[in-house]
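Novice: Pasting a predicted model and its sequence here:
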Amino acid sequence: MIMGFADPFDTLLDLQRSLEATLASDWLQDLTTSRGPFPPINVFQQGDDILAIVELPGVSKNDLQIEAKENAIRIFGKKTVDYPEEASLHRRERVSGEFDRTLSVPVQIEPDGIKAEYRDGILALFLPRAESDKPRTIKIT
């Protein structure tokens with residue numbers, strides 16, 4: 001059996017394809033150490049209403065703002081990570097800085113009825129569906 005070497009041009013083309021696939025993914029976007037944009041959000045529908053759970057570890061309630069319009073919620077603020085002045089940083093995995101996410105929901109929401117609860121780094125947003133967006137039952141005569 002004769003051992004052969006791979007064609008260096010094929011190897012370079014494979015490397016280029018891998019790099020292009022990585023750049024096309026969201027791998028190099030603004031990420032936390034896990035994956036995806038910050039803050040991570042889960043959205044559920046409960047009856048007519050929407051519930052959004054947002055993970056914001058290390059974010060002060062005073063550094064957090066929420067805006068609502070039609071079928072979108074904007075969550076923005078700042079996460080700070082403080083180190084002692086004389087500390088020497090050896091590894092940095094905790095991200096800090098400003099964040100801004102807009103969440104679109106599949107229904108029109110009633111901005112005046114939104115409730116927000118924040119506890120232990122978890123924000124719960126209760127988003128009621130607008131009356132004008134709810135289906136109407138039509139009586140047949």
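Specialist: Noted; the coordinates are in hand. Predicted, not measured: the structure shown is a model, and the values here were computed from it.
Novice: alpha carbons only for contacts and neighbour counts from here, please
Specialist: Will do.
Novice: for the protein, what are the low-confidence residue spans?
Specialist: Low-confidence segments of the chain (pLDDT under 70): 1-6, 21-37.
Novice: for it, what spans make up the helices?
Specialist: Using DSSP state H, the helices of the chain run over 8-24.
Novice: Distance-wise, check Ala130 relative to Gln108.
Specialist: 6 Å (CA to CA, to the nearest Å).
Novice: With Asp82 instead?
Specialist: 40 Å.
Novice: Verify the stated contact: Arg129 with Asp112.
Specialist: No - with contact defined as CA atoms under 8 Å, Arg129 does not reach Asp112; the gap is 10.8 Å.
Novice: okay, the two: which has more neighbours?
Specialist: Arg129 (23 against 10; other CA atoms under 10 Å).
Novice: center of the protein - which residue?
Specialist: Centre of the chain computed as the mean C-alpha position; nearest residue by CA atoms, centre = their mean is Pro40, 3.7 Å away.
Novice: For it, list the residues it contacts.
Specialist: Val54, Glu55, Leu56 (CA atoms under 8 Å, 6 or more residues apart in numbering).
Novice: State the distance from Leu15 to Tyr83.
Specialist: For Leu15, the distance to Tyr83 equals 39 Å [CA to CA].
Novice: more neighbours, the two?
Specialist: Ranked by neighbour count (other CA under 10 Å), Leu15 and Tyr83 place Leu15 first, with 12 against 9.
Novice: Just give the closest residue to Tyr118, not the sequence neighbours.
Specialist: Leaving aside its sequence neighbours, Tyr118 sits nearest to Ala124 (CA to CA, 6 or more residues apart in numbering; 6.4 Å).
Novice: before we move on, what about Ile66?
Specialist: In space, Ile66 is closest to Ile75, 4.7 Å off (CA to CA, 6+ apart).
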